[in-house]
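Peer 1: 3D, please:
(one chain, ligands or ions: 1)
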Amino acid sequence: MTTIQIEGVTKKLKGVFVINNVSITLSSGNVTGLRGVNGSGKTMLMRLMAGLILPTKGTIKIDDKILGKEITFPESIGILLENPAFLDSYTGFQNLKMLASIRNKIDDVQIKHTLEKVGLDVESHNKKYKKYSLGMKQRLGIAGAIMEQPDIVILDEPTNSLDTAGVELVKQIIRQEKERGALVVLACHDTDILDELADDIYYLENGSLVSTTTRGQTV
Ligand SMILES: Nc1ncnc2c1ncn2[C@@H]1O[C@H](COP(=O)(O)OP(=O)(O)OP(=O)(O)O)[C@@H](O)[C@H]1O
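Peer 2: Next comes the predicted model:
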């Protein structure tokens, strides 16, 4: 059981409140949706949860351990953020292998299995990243986030650049991640996808939490 407790978190950047006094608790086996217009703070909140930036005020605890104090990063996390930092001259497989070498938890077979799971065929495993289409790049980013079966899966706009079949595949992957017990955080502009997949949806406006929908009920 994994929990993320966000307690009174504020993030100020260049004098602007990009996150303003947000408190929410997320737990494993749930998909938590983040909704809001461009610039409302969804990506910032995800970066805070991942320990990539630290709050100006408030605390974020992963399983009761304070991020930035007791732990630097969540122990088991996979993240898809906009513009993943993959290497152009490496193939899709080589990029994931390099990423996997950080933790050394999975082998080549598991990497290949994940590539297939996101719809990248054997030919594309061995294609250089710079030759990838936008949709292929997005699929590789999703593969990178889920390949180690982490406790926490953070997906920022995972359906970007994907065709209809790709969107369906991502929806299926998110359901599978939830079923295996992951704590999934999903930011998505497509409200239908959020309504379909998320157990709780938090609506952000100018960095503040303005409403919450829990399994269809808005408060
Ligand atoms: N490096 C930065 N320095 C200062 N402000 C920033 C920085 N990065 C983002 N911001 C600001 O933080 C706010 C929240 O941005 P964020 O990217 O979290 O929004 P978002 O909800 O994810 O938007 P989108 O839907 O466009 O992805 C915006 O006002 C943005 O201008």
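Peer 1: Report the buried residues of the lengthiest helix in the chain.
Peer 2: In the chain, with assignment by DSSP state H, the single longest helix is helix 164-179. Neighbour counts over helix 164-179 (16 or more other CB atoms under 10 Å) mark 166, 169-170, 173-174, 177-178 as buried. For glycine as for every other residue, the C-beta is placed from the backbone atoms N, C-alpha and C.
Peer 1: Columns pLDDT and distance to Met147 on top of these, output as TSV?
Peer 2: Shown next, in TSV, are these (pLDDT from 0 to 100; distance: CB to CB, whole Å):
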residue	pLDDT	distance to Met147
Gly166	95	18
Leu169	96	15
Val170	97	15
Ile173	98	11
Ile174	98	15
Glu177	98	12
Lys178	97	17
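Peer 1: out of the residues you listed, who's nearest the ligand?
Peer 2: Val170 (16.8 Å; CB to the nearest ligand atom).
Peer 1: Setting aside sequence neighbours, what's the nearest residue to the closest one?
Peer 2: Pro158 (5.0 Å; CB to CB, 6 or more residues apart in numbering).
Peer 1: count of residues packed around the one you found?
Peer 2: Each residue near Pro158 was counted by other CB atoms under 10 Å, and the total is 25.
Peer 1: and what of Val122?
Peer 2: Residues lying near Val122 (other CB under 10 Å) number 10.
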